[in-house]
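Q: any chance you can model this:
(one chain, ligands or ions: 1)
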Amino acid sequence: MSENYRSMWTELGLDLENHDALLQVLARAYDDIFLSQKNRPETMSYFDFVMSEVHGLRIRELLDEKETGRKIIGSYCVFVPEELALAADATLIGLCSGADFATDEVEKLLPRNTCALIKSSFGFKLGKVCPYLESADMIVGENTCDGKKKSYESLGELVDNLYVMDLPQVKSEQGRELLRKEYFRFKAAVEELTGVTITAESLKEAIRTVNAKRAAIHRLSLLRRHDPAPISGLDALLANQIFFYDNPARFTQSVNAICDELEKRVQNGEGVFPPKTVRILLSGCPQAVPNWKLPAVVERSGAVIVGEESCVGERGCRNFTDDSGGSVDEMMEAIVDRYFKIDCAIFTPNGERIDHIREMVDTYKADGVIHYGLQFCQPYLMEAIPVEKTLEKENIPCLRIETDYSMEDVGQLTTRIEAFIEQLR
Ligand code: BJ8
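A: Take a look at the predicted model:
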């Protein structure tokens, strides 16, 4: 951290002792997992800097924005449209967390058999270690899986600015209508929070800003089709994770800078791993910062991850929002259309997801799929079985992994993943 931010963290109400402990673990994991990689693109240094300042400079920027009257909205799900926040002069940031914290305290509020992602979000609140959560003027929860929707009832007791968005679970006309109504309700809530009325101009600009972020990530993804892979799965995941925190325009520019470098690598036949390295598509639950366990195990075991079928990855930013509408209402419909395509496992039936996994296997020339399910995540663990069956029918090997945020199973995971990679060679 380039500056001393202790007074800022104290003012935000963080527990400095807990927070120091978290930052130490984070810094150690980052050095060990990211900085030890070979042949990294030089332009990844921007993301190294962002990570080194993730609780420092970025928080300072958000607080400076707040000084000027701008509002900060925190969200736990890719169904919360960033376009609406930006159009009303607010900043949207991701709040999902990828590390266990204050587990004893969490288990006083949530059952032990709750997925690690939900527990982690509670742990960061109860342990007072998340400056994003504490900076947010509005926290948006969404009725997706049962775990999340019930946990927001308890989260509402811990924070006084929780807004809960209802979401459909079926891709029907009625489902789309529910989403449409909820997005209009959210638009009104954001306008009330910021005191800014969304106009056709501000919405168009916001759509373009978010689309540009997505386009940069798409460009990065497509470069991963090449053999040798020009970037590791870990570094690509990091870019996808920072998507949720960084200033949008700066993020777009930085990802495009990486892509420029990767294009040269591709032209010169350079990669992070040797040609013909086994290529893996990771599919399943989202991986929030600093949840890097599985990709680290995969890439240390001698394979390269070439795509993430995940909300922190292609599921989250696959589609663009049509910006051609001339009125707020037209663009609102376009937003509904775009988000209604997200194939989260909370939908039933959810055949599009399997189609997308297959499509990604082809696009990124994956040799096999690792399905990543967090323990106690019923939607993704349930879908893992038909996903595996469908892929295997088409001779696409699939390994189902069920894990959590602890490091206890690293040895066992390594053994299984090494054997899978061996089978793919
Ligand atoms: S759109 S994937 S970000 S809900 S891992 S909390 S599903 S029990 S995160 Fe998600 Fe939105 Fe869907 Fe994406 Fe529940 Fe499973 Fe836990 Fe999960």
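
Q: pLDDT score assigned to the residue nearest the centre of the chain?
A: By CA atoms, centre = their mean, the chain has its centre lying nearest to residue 312, at 2.9 Å. Listed pLDDT for residue 312 reads 98.

Q: spit out the contact partners of it.
A: Counting by CB atoms under 8 Å, 6 or more residues apart in numbering, residue 312 touches 237, 240, 241, 243, 244, 286, 287, 288. In short, each C-beta sits where N, CA and C put it, glycine included.

Q: could you do residue 305 as well?
A: Contacts of residue 305 by CB under 8 Å, 6+ apart are 232, 233, 234, 236, 237, 279, 280, 281, 282, 295, 298, 299.

Q: now with 6 Å?
A: By CB atoms under 6 Å, 6 or more residues apart in numbering, residue 305 lies in contact with 233, 280, 282, 295, 298.

Q: near the ligand, which residues of the stretch 1-150 of the chain show up?
A: Neighbours of the ligand within the stretch 1-150 of the chain, by CB under 6 Å from any ligand atom: 77, 78, 79, 115, 117, 118, 144, 145, 147, 148.

Q: narrow those to those in helices?
A: Of those, the ones assigned to helices by DSSP state H are 117, 118, 147, 148.

Q: what about the last one, how many residues close to it?
A: Residue 148: 22 surrounding residues under other CB atoms under 10 Å.

Q: name the nearest residue to it, ignoring sequence neighbours.
A: residue 118 (6.1 Å; CB to CB, 6 or more residues apart in numbering).

Q: pLDDT wise, what is that neighbour at?
A: At residue 118, pLDDT is 98.

Q: give me the pLDDT for residue 97.
A: 88.

Q: so it sits in a strand?
A: No. Counting by DSSP: H, G, I helix; E, B strand; the rest coil, residue 97 is not found in a strand; it is coil.

Q: from residue 288, how far out is it?
A: Distance check for residue 97 against residue 288: by CB to CB, to the nearest Å, it reads 6 Å.

Q: in this protein, where is pLDDT below threshold?
A: Counting by pLDDT under 70, the low-confidence segments of the chain come to 1-3.

Q: show me the strands in it, by range?
A: 71-75, 90-94, 138-142, 162-165, 278-284, 303-309, 368-374, 398-403 (DSSP state E).

Q: distance to residue 10 added to those strands, as TSV?
A: Converted to TSV, the strands of the chain look like this (distance: least, CB to CB, whole Å):
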stretch	distance to residue 10
strand 71-75	19
strand 90-94	21
strand 138-142	21
strand 162-165	24
strand 278-284	38
strand 303-309	36
strand 368-374	33
strand 398-403	35
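
Q: one step back: intersect the contacts of residue 312 with the contacts of the ligand.
A: Answer for the contacts of residue 312 near the ligand (CB under 6 Å from any ligand atom): residue 286.

Q: which among the contacts of residue 312 end up buried?
A: Among the contacts of residue 312, those buried by neighbour count (16 or more other CB atoms under 10 Å) are 237, 240, 241, 243, 244, 286, 287, 288.

Q: which one of the residues you listed is nearest to residue 213?
A: Comparing these against residue 213 with CB to CB places residue 243 closest, at 6.4 Å.

Q: distance of the closest one relative to residue 402?
A: In terms of CB to CB, residue 243 sits 26 Å off from residue 402.

Q: for residue 391, same thing?
A: 17 Å.

Q: so those two - more neighbours on which side?
A: residue 391 (21 against 17).

Q: not counting sequence-adjacent ones, nearest residue to that one?
A: residue 398 (4.4 Å).

Q: run the chain-centre distance for stretch 416-425.
A: 27 Å (CA atoms, centre = their mean, to the nearest Å).

Q: quick one: buried residues of it?
A: 416, 417, 418, 420, 421.

Q: max pairwise distance over the residues you listed: which two?
A: Farthest apart among the buried residues of stretch 416-425 - using CB to CB - are 416 and 421, which lie 9.9 Å from each other.

Q: what distance do you get for residue 125 to the ligand?
A: Residue 125 sits at a distance of 15 Å from the ligand (criterion: CB to the nearest ligand atom, to the nearest Å).
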